[in-house]
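> Next one to model:
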Amino acid sequence: MAGIGFELRRLLKQDSYLGLLRAYGYAALIGSGPWVISILAVMTLGILAAAGRGDSPVFITDFLVSVTWLVAGSLIFTGPLQLTFTRFTADRLYEGRDDEVLPSLKAVLTLTTVGSLLAAITIASILANASPLAYRVLMVMGFVLLCNLWCVAVFVAGVKRYRQVLAAFALGYATTLGLGLCWQGLGITGLLGAFVIGQALLLFVLLAMVTRHYPSQQPWSMALLIHGRWQPKLVAIGLFYNLGVWIDKLAFWFHPATSVPMIAPLRAAPLYDLPLFLAYLSIVPGMAIFLMRIETDFALNSQRYDLAIRSGRSLEEIESWRRAMVISVRRGIYDIIKVQGVTVAALLLAGPHLLEALGFSDWNLPIFNLLLVAVAIQVLFLAILNVLFYLDRLTPALWLCVAFCASNLGFTLITQHLGPDYYGYGYALSLLLVAVIGLLRLDREFQRLTFHTFMRRR
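Residues are numbered from 1 along each chain as shown. Model prediction:
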């Protein structure tokens, strides 16, 4: 992320409002990631399709639910691999061995394709009588494509071509919107087919960009699987973080009292799902600050701190860079809180009118307001995890993710028992808990950073 962050900061040097808006605009879209943008595109397609018909046909809701399950399942499935591959790639780039990146990506995509295809076909076969064949085929294709897209997205930031990256996203999701509106007469098959084609186009365009950026004569490499080049803790962190993000939704979907059956065998919880995904769009400003501050200012100071140690500089200089790291983290966290706070306040005021315009029920408003706060805390939690990754403190990061997953499930089950007035508190309280613990842990890690760094080097 820091690579593209440095490229974006060049826009800030133009010393103009246009440069400022362009930099943070690009950072907002790129930092939010493909899955947040996919939520926006899918919701837009659903709204436009419903508006074009003058009503909201059942198949549009079925389409939104289907894509939600695809995103959730693919993120959880590939979560254990994403962070491991990210770390492997970062290490190879740091060593100047760029030629190992593309062969390893080919191996990862092959493993991901085979694994996701087998998993999807198995589930589709078990549920053969529950849904039409065309629907099951498109769901299998969508699942495999999304799993591969999350893996390729690891390189999006490192390519350092923000305009081309945004053009790729625009092309992919514009294709989804255009084909979806043209094929809505085919029902859910048409909308899902448009989504699959758009994701395939986005995947192949991004893959072409990565291939050009990291050329290699080696066709294939399983170096990632060599002992010592992957870390089990990163596998566990990727699993528990992604599972933690979705486990409250799964609890609502599988609980018969809080969900309704949609296209078989999928279920949805309209009272919880709709305000949640709308609230997720508020993550965009915070992710822009996250990319521009934590992933650039802190990354730069971290590199200088590491260089000072490796160059044998004085303890005073080393400590000065450690303090600079602390200041950059505090400033970044403060900016995240400030920007997300303003965003949340604005949406709290506009919430009633926004939900009314979208046709949401009045029951959704209090849940939407609470989830806005929860999503803001999630940006803070993500920043804490990334700082721990930079410090190579994987054990506390793992325990935070385990605590997030367990507390989110536990609190959510309690709120389901208490009733609709408490929906969303489980997600919000679990994030607040791990964010507070994470901030306390960061403070402790920075106090002992120099000692731990020298002890590890010995």
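> Going by C-alpha atoms from here, please, whenever you check contacts or count neighbours.
Fine.
> And Phe77, how far from Tyr241?
Separation of Phe77 from Tyr241 (CA to CA, to the nearest Å): 12 Å.
> Compare those two (neighbour count), which wins?
For Phe77 versus Tyr241, the count of surrounding residues by other CA atoms under 10 Å is larger for Tyr241: 25 against 21.
> Check which helices and strands whatever helix or strand the more buried one lives in sits against.
Using DSSP states H and E, Tyr241 maps to helix 232-254. Applying 3 or more CA pairs under 8 Å, 6 or more residues apart in numbering; DSSP states H and E, one finds that helix 232-254 contacts helix 58-94, strand 267-268, helix 394-418.
> tell me which residues in that helix are buried?
233-254 (16 or more other CA atoms under 10 Å).
> TSV for the helices and strands packed on helix 232-254, including mean pLDDT and distance to Leu385?
Converted to TSV, the helices and strands packed on helix 232-254 look like this (pLDDT from 0 to 100; distance: least, CA to CA, whole Å):
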stretch	mean pLDDT	distance to Leu385
helix 58-94	84	12
strand 267-268	87	30
helix 394-418	95	6
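> Checking my notes, Ile37 in a helix, right?
Yes: according to DSSP: H, G, I helix; E, B strand; the rest coil, Ile37 belongs to a helix.
> Okay, it and Ser74: tell me how far apart.
Note on Ile37: its distance to Ser74, by CA to CA, is 15 Å.
> what about these two, which has more around it?
Ranked by neighbour count (other CA under 10 Å), Ile37 and Ser74 place Ser74 first, with 22 against 18.
> Quick one: residues contacting the nearest residue to that one once chain neighbours are set aside.
Spatial nearest neighbour of Ser74, chain neighbours left out: Cys147 (5.1 Å); criterion: CA to CA, 6 or more residues apart in numbering. Going by CA atoms under 8 Å, 6 or more residues apart in numbering, Cys147 touches Ser74, Leu75, Phe77, Thr78, Thr112, Thr113, Ser116.
> Which helix or strand contains Cys147?
If you go by DSSP H and E, Cys147 is part of helix 133-152.
> continuing past that helix, what's the next helix or strand?
Under the assignment DSSP H and E, the closest C-terminal helix or strand after helix 133-152 is helix 162-183.
> The next helix or strand after that next one vs helix 133-152, what angle?
Later in the chain than helix 162-183, the nearest helix or strand by DSSP H and E is helix 188-213. Helix 188-213 runs at 20 degrees relative to helix 133-152, counting by axes from the mean of the first three to the mean of the last three CA atoms, to 10 degrees.
> Please spell out which residues along helix 188-213 are buried.
Under the neighbour-count criterion of 16+ other CA under 10 Å, helix 188-213 has 188-207, 209-211, 213 buried.
> so what does it touch, helix or strand wise?
helix 58-94, helix 133-152, helix 162-183.
> what's the angle between it and helix 58-94?
Put simply, helix 188-213 runs at 10 degrees to helix 58-94, going by the same axes, to 10 degrees.
> angle of helix 188-213 against helix 162-183?
160 degrees.
> Residue ranges of each domain in this protein, please.
The record's domain parsing of the chain by automatic domain parsing lists 1-230, 237-458.
> from the chain's centre, how far out does the shortest one sit?
Which is domain 237-458. Taking CA atoms, centre = their mean, to the nearest Å, the mean C-alpha location of domain 237-458 is offset from the chain mean by 11 Å.
> Show me which positions of stretch 329-339 end up buried.
Across stretch 329-339, burial judged by 16+ other CA under 10 Å covers Val329, Arg331, Gly332, Ile333, Asp335, Ile336, Ile337, Val339.
> same thing with stretch 117-132?
Buried residues in stretch 117-132, counted by 16+ other CA under 10 Å: Leu117, Ala119, Ala120, Ile121, Ala124.
> Then stretch 299-309?
Across stretch 299-309, burial judged by 16+ other CA under 10 Å covers Ala299, Leu300, Asn301, Ser302, Arg304, Tyr305, Ala308, Ile309.
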